[in-house]
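> Predicted coordinates and the sequence they were generated for:
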Amino acid sequence: MQKEELANKELVMIRDELLTLKKCQHNFLMFEIAAIGSLLGLAVPLLFQEKIEFLYCFIALVGLIIIFPCLYLLLDKGISINRIASFFLVFERHIFIKSQMPPRFIGWENGNSEFRKRQHELRPIPQGPPGSGTQGPNKFYLLAFYISTILAFACYIMFFSLYKKYLAQRGLVWWAPDQIFIITVVLAVIIIFIVHTSTHLRKLLSGIFTIEAMSDLWEKIIS
C-alpha cells in the first residue's frame with residue numbers, strides 16, 4: 001500500500017514536470033520569434049542610411065546565436081517529454097489493463113536513470129513518413145522547425161543586404177572571391193545547422209525518440 005501511495009505522489013510530480021517542459025517549449029519559440037523580430041526591426045533602418053559601418057553588417061547574424069540554441073533546446077525538451085509520456089503509457093497499461101502495479105517499478109528517478117543507461121537499446125518503430133501523424137506535438141515540432149528555418153534565412157538575407165551595401169559604399173563588389181568566401185561560409189553554417197537539426201527532428205517524429213519506441217524500452221525496465 002505504501003508503495004502505491006509513493007507511486008501516486010511521483011505520478012503527480014512527473015505530470016507537473018511534463019507540463020513545465022511543454023511550457024518551456026512554447027516560451028523558447030515565442031522568445032525566438034520576438035527576439036528575431038526585434039533584431040530585424042533594428043536592422044532594417046540601416047539599409048536606408050547613407051553610410052554604414054562594417055560591424056553593422058553582422059547585426060542580423062546575432063539572430064543565429066538566438067535561433068540555434070532555442071530550436072535545439074526545444075527539440076531536446078521534446079525528447080524529455082516523450083520519455084515521460086512513454087513512461088505513463090506503459091504505467092497506465094499495467095494499472096488499467098492488467099490491474100496491477102508494474103512488477104519492477106523502482107520509482108521515477110531510479111527508472112529514469114536506468115532508461116538513460118539503456119538508451120542505446122532504443123529502436124525506431126515504422127509508422128509512416130516523418131510528421132505524417134496527426135498528433136499535436138508532431139505539428140508543433142514541424143512548425144517550430146519551419147519557423148526557425150525561415151527566421152535563420154531572414155537573418156542571412158538581412159546580413160547579405162547590409163554587407164552588399166557596405167561594399168558598394170566603398171566601391172567594392174560582393175562577387176569578388178574574398179567577399180564570396182565570407183558570404184558562403186555564413187550560408188554554409190546555416191545549412192549545416194538546418195541539416196543537423198532535421199536529423200534530430202526526424203528521430204523525434206519517427207525514429208528512436210518517438211513515444212512508441214521509448215515505451216518499448218520502458219516495458220523492459222518496469223515490467
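In hand now; what should we look at?
> Could you use CA atoms for every contact and neighbour count after this?
Noted.
> quick one: low-confidence parts of the protein?
Applying pLDDT under 70 to the chain flags residues 1-3, 99, 103, 126-137.
> Just give me the longest helix of it.
Longest helix in the chain, counting residues (DSSP state H): helix 2-43.
> what residue lies at the spatial centre of this structure?
Residue closest to the average C-alpha location in the chain (CA atoms, centre = their mean): residue 75, at 2.4 Å.
> Spit out the contact partners of that one.
Neighbour list for residue 75: 141, 200, 201, 204 [criterion: CA atoms under 8 Å, 6 or more residues apart in numbering].
> and it, what element?
Per DSSP states H and E, residue 75 falls inside helix 62-92.
> for that helix, which positions count as buried?
Neighbour counts over helix 62-92 (16 or more other CA atoms under 10 Å) mark 63-64, 66-68, 70-72, 74-75, 77-92 as buried.
> And the contacts of the next helix-or-strand element following that helix?
Next along the chain after helix 62-92, taking DSSP H and E as the criterion, comes helix 108-117. The contact list for helix 108-117 (CA under 8 Å, 6+ apart) reads 10, 105, 217, 218, 221, 222.
> State the pair within those that is farthest apart.
Maximum pairwise distance in the contacts of helix 108-117, criterion CA to CA, is 19.8 Å, between 10 and 217.
> of the two, who's got more company?
Shown here are residue 10 and residue 217; by other CA atoms under 10 Å, residue 217 has more neighbours (22 against 15).
> pretty sure the more buried one contacts residue 124?
No - using CA atoms under 8 Å, residue 217 makes no contact with residue 124, being 11.1 Å away.
> Between helix 62-92 and the longest helix of the chain, find me the angle.
160 degrees (axes from the mean of the first three to the mean of the last three CA atoms, to 10 degrees).
> helices and strands around helix 2-43, which ones?
Secondary-structure packing of helix 2-43 (3 or more CA pairs under 8 Å, 6 or more residues apart in numbering; DSSP states H and E): helix 62-92, helix 136-169.
> Give me the three-state assignment for the most far-flung residue of the chain relative to its centre.
Ranking residues of the chain by C-alpha distance from their mean position (CA atoms, centre = their mean) puts residue 171 at the top, at 42.2 Å. Following DSSP: H, G, I helix; E, B strand; the rest coil, we place residue 171 in the coil state.
> Give me the distance between it and residue 164.
10 Å (CA to CA, to the nearest Å).
> And residue 216, by the same measure?
From residue 216 to residue 164 the distance is 54 Å (CA to CA).
> do the same with residue 105
From residue 105 across to residue 164, the span is 62 Å (CA to CA).
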